[in-house]
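Asker: What follows is a predicted protein model with its sequence.
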Amino acid sequence: MTGLLSVSGLSINFGGLAALSDLDLEVAEGAIVALIGPNGAGKTTVFNVLSGLYHPSRGRVTFRGDDLLALAPYAIARRGVARTFQNTEVFRRLSALDNVLIGRHAHIKGGVLGGALALPRVRSEEARARRDARALLDLVGLGDSANVEAASLPLGHQKRLEMARALAAEPTLLLLDEPAGGLNPTETRELMGLIRRLRDERKLTILLVEHDMQLVMGISDRVAVLDHGRKIAEGKPGEISRDPAVIEAYLGAPE
Ligand SMILES: Nc1ncnc2c1ncn2[C@@H]1O[C@H](COP(=O)(O)OP(=O)(O)OP(=O)(O)O)[C@@H](O)[C@H]1O
Ligand SMILES: [Mg+2]
């Protein structure tokens with residue numbers, strides 16, 4: 001496995017708060033890596049830096065060897081980094097299918113004008129985009145909900161819809177921020193199967209933030225642990241669950 005994403009010395013401050021301090025993280029191609037840690041540890045902040053929303057105070061981030069910090073969010077997405085959000089962000093009034101089509105937007109050539117003129121090439125690309133979007137809905141188990149308004153889907157389905165929308169951009173690296181948040185144990189098990197399939201069948205690399213330890217320990221190749229913006233441990237799931245520093249970060253120091 002070769003390094004796909006490489007983070008080194010990453011630091012970001014908000015006023016007096018060091019949200020991330022000198023973070024190093026390597027994500028190998030084809031790996032499932034989990035980023036865990038207590039509330040406020042800086043996990044979502046890592047994703048916000050990786051997707052170009054936050055600019056770090058220090059550090060380097062390379063993706064396939066390119067400097068990611070020099071790129072705007074849309075350019076990062078085009079390079080192959082897609083994400084979901086901790087607070088699910090679907091377009092509530094649009095159908096599930098249209099939500100996925102929006103995720104695909106960057107790949108449809110011809111643009112608005114071409115669409116308005118109904119150029120044949122654009123029309124055939126649109127037809128292909130719709131086919132692909134339906135296939136993605138099938139993949140995430142929402143094939144029967146293509147025409148359902150996103151707002152009326154249950155939370156677990158909205159989360160999968162958001163995954164389908166991220167996948168529509170044809171990413172190499174998928175960032176999932178608490179994909180199991182709010183899911184019941186059955187839904188979480190199904191989600192684990194889906195994440196595994198994305199890696200095994202679609203050859204995606206996955207970096208996920210998650211509090212559900214069954215999911216984290218069940219599917220991750222590696223786990224990195226953040227606490228107060230610092231990486232306090234990293235290793236295989238079995239090593240992490242026995243690590244005293246990790247246990248202390250989660251349970252708090254003894255009185
Ligand atoms: N835009 C911002 N402005 C100010 N402070 C911020 C901003 N974004 C994050 N923070 C702060 O940085 C710290 C890390 O936040 P972050 O959202 O990354 O935590 P997290 O590990 O994702 O936590 P959770 O598990 O609760 O989602 C928190 O103290 C948070 O309040
Ligand atoms: Mg978060």
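Answerer: That came in fine, so what should we check first? The structure displayed is predicted, hence computed values, not measured ones. Ligands and ions are numbered 1, 2, ... in the order given.
Asker: which parts of stretch 20-28 are buried?
Answerer: The neighbour-count check on stretch 20-28 (16 or more other CB atoms under 10 Å) flags Leu20, Ser21, Leu23, Leu25, Val27, Ala28 as buried. For the C-beta atoms, the positions are set from N, CA and C on the backbone; glycine is no exception.
Asker: where does the fourth one fall, phi/psi-wise?
Answerer: For Leu25, the backbone dihedrals (degrees, to the nearest 10) come out as phi -150, psi 130.
Asker: Report the distance from stretch 74-82 to the chain centre.
Answerer: 12 Å (CA atoms, centre = their mean, to the nearest Å).
Asker: Go through that stretch and flag the buried ones.
Answerer: Buried, per 16+ other CB under 10 Å, within stretch 74-82: Ile76, Ala77, Gly80, Val81, Ala82.
Asker: Now Pro73: closest residue in space, sequence neighbours ignored.
Answerer: Take Pro73 and drop its neighbours on the chain: the residue closest to it by CB to CB, 6 or more residues apart in numbering is Gly52, 3.8 Å away.
Asker: which SS class is that neighbour?
Answerer: coil (DSSP: H, G, I helix; E, B strand; the rest coil).
Asker: What separation is there between it and Glu162?
Answerer: 18 Å (CB to CB, to the nearest Å).
Asker: Show me which of these two is the more surrounded one.
Answerer: Glu162 (24 against 19; other CB atoms under 10 Å).
Asker: pretty sure the more buried one is in contact with Gln86, am I right?
Answerer: No. Contact criterion CB atoms under 8 Å: Glu162 and Gln86 do not qualify, at 10.6 Å.
Asker: hang on, isn't Ser6 packed against Glu29?
Answerer: No. Here Ser6 lies out of contact with Glu29, judged by CB under 8 Å, at a distance of 11.4 Å.
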